[in-house]
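**Student:** Have a look at this prediction, sequence included:
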Amino acid sequence: MENITKMWMGPLPADSPYVKPFRLYYVQNGVEKNWDLLKVHDSVAVILFNTTRRVLIFVRQFRPAVFHSVVTSSGSDFGEVDLQKFPPKIGVTLELCAGIVDKNKSWSEIAREEVLEECGYDVAVERIEEVMTYRSGVGSSGALQVLYYCEVTDDDRATKGGGVDDEMIDVVEYTIEESRELMKQGSKINSPPSCLLGISWFLMNKAPKLVCPSKY
Ligand SMILES: Nc1nc(=O)c2ncn([C@@H]3O[C@H](COP(=O)(O)OP(=O)(O)O[C@H]4O[C@H](CO)[C@@H](O)[C@H](O)[C@H]4O)[C@@H](O)[C@H]3O)c2[nH]1
Ligand SMILES: [Mg+2]
């Protein structure tokens, strides 16, 4: 899936459209302090449940930042990364469908587009329900993420998904029980907190009604 054959590092150009590093200075309680931070895009993430086959839909993709973290936290120097010793699959994550807010559109419209581009389901924006809003990376970026929930059916499937341009995204499905088990997998699935939060929210708020509708 990853098909990565070569990897190397370089300095961050000042015109990166994705990450802008800063040092922020401030005086707190009479003491001058500073904080090194990253300006990154806010984002949306979507908990997707296919009601036809009763599965949650996730995406898997190679994440350079995760790969870098796995390699360097093992004590290895990234400058000499050995792809035999560190196969790229160790940088593949399991995530909710998600995307950055980099267009002048409503956040729910951006969520709708990500559902189509990454997972292949074509749904009206009204079917995407806002769940909660939180800050990610509070030590480094503090960026906002809005989490949504959307139920889809097999009839909504317009494409195979997989992302746009040169994105390489696998769409994967887990039953409710398998999703519950995923929560215990830890570093094996390399998931961001948003994914684990999305599964927890679904198990708490939606799964009981789906598994035992007579009780509700
Ligand atoms: N970040 C970045 N750096 C580059 O240098 C870089 N170079 C190219 N790109 C391109 O930008 C696009 C980003 O894709 P998305 O809009 O789908 O956003 P995600 O990467 O899915 O990120 C979301 O979901 C994550 C999981 O919840 C959250 O952690 C993030 O906060 C959240 O934004 C892709 O076409 C990628 O090829 C870069 N993107
Ligand atoms: Mg994405």
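**Tutor:** That came through fine. Please read these numbers as outputs of a predicted model, since none were measured by experiment. Ligands and ions are numbered 1, 2, ... in the order given.
**Student:** phi, psi of the residue at the greatest distance from the centre of the chain?
**Tutor:** In the chain, counting by Cα atoms, centre = their mean, residue 30 sits farthest out from the average C-alpha position, at 39.2 Å. The phi and psi values for residue 30, taken as degrees, to the nearest 10, are phi 80, psi 0.
**Student:** Can we start the residue count at 30 from this point?
**Tutor:** Sounds good: first residue 30 from here, last item residue 59.
**Student:** Need phi/psi at the residue most central in space within the chain.
**Tutor:** Note on the chain: the residue nearest the mean C-alpha position is residue 124, at 4.5 Å, using Cα atoms, centre = their mean. Dihedral angles of residue 124 (phi, psi; degrees, to the nearest 10) stand at phi -140, psi 170.
**Student:** With residue 112 instead?
**Tutor:** phi -70, psi -10.
**Student:** again with residue 185
**Tutor:** Per degrees, to the nearest 10, the backbone of residue 185 is at phi -80, psi -10.
**Student:** Verify the contact between it and residue 151 for me.
**Tutor:** Yes - using Cβ atoms under 8 Å, residue 185 is in contact with residue 151, at 5.8 Å. For glycine as for every other residue, the C-beta is placed from the backbone atoms N, C-alpha and C.
**Student:** neighbour count winner among the two?
**Tutor:** residue 185 (20 against 14; other Cβ atoms under 10 Å).
**Student:** which non-adjacent residue is nearest the more buried one?
**Tutor:** In this structure, residue 185 finds its nearest non-sequential neighbour in residue 150, 4.5 Å apart by Cβ to Cβ, 6 or more residues apart in numbering.
**Student:** Poorly predicted segments of this structure, please.
**Tutor:** 30 (pLDDT under 70).
**Student:** immediately after the longest helix anywhere in it, which helix or strand?
**Tutor:** Longest helix of the chain, by residue count under DSSP state H: helix 222-234. On the C-terminal side of helix 222-234, the nearest following helix or strand under DSSP states H and E is helix 236-240.
**Student:** Work out the gap between that next one and the centre of the chain.
**Tutor:** Centroid separation for helix 236-240 versus its chain: 25 Å, with Cα atoms, centre = their mean, to the nearest Å.
**Student:** Run through who's touching it.
**Tutor:** 83, 205, 244, 245 (Cβ atoms under 8 Å, 6 or more residues apart in numbering).
**Student:** rerun that using 7 Å as the cut-off
**Tutor:** Helix 236-240 has contacts (Cβ atoms under 7 Å, 6 or more residues apart in numbering) with 205, 245.
**Student:** How about that helix, which residues are buried there?
**Tutor:** residue 236 (16 or more other Cβ atoms under 10 Å).
**Student:** any idea how far ligand 2 is from the residue farthest from the centre of the chain?
**Tutor:** 44 Å (Cβ to the ion, to the nearest Å).
**Student:** Equivalent analysis for residue 189, please.
**Tutor:** Taken as Cβ to the ion, the span from residue 189 to ligand 2 is 16 Å.
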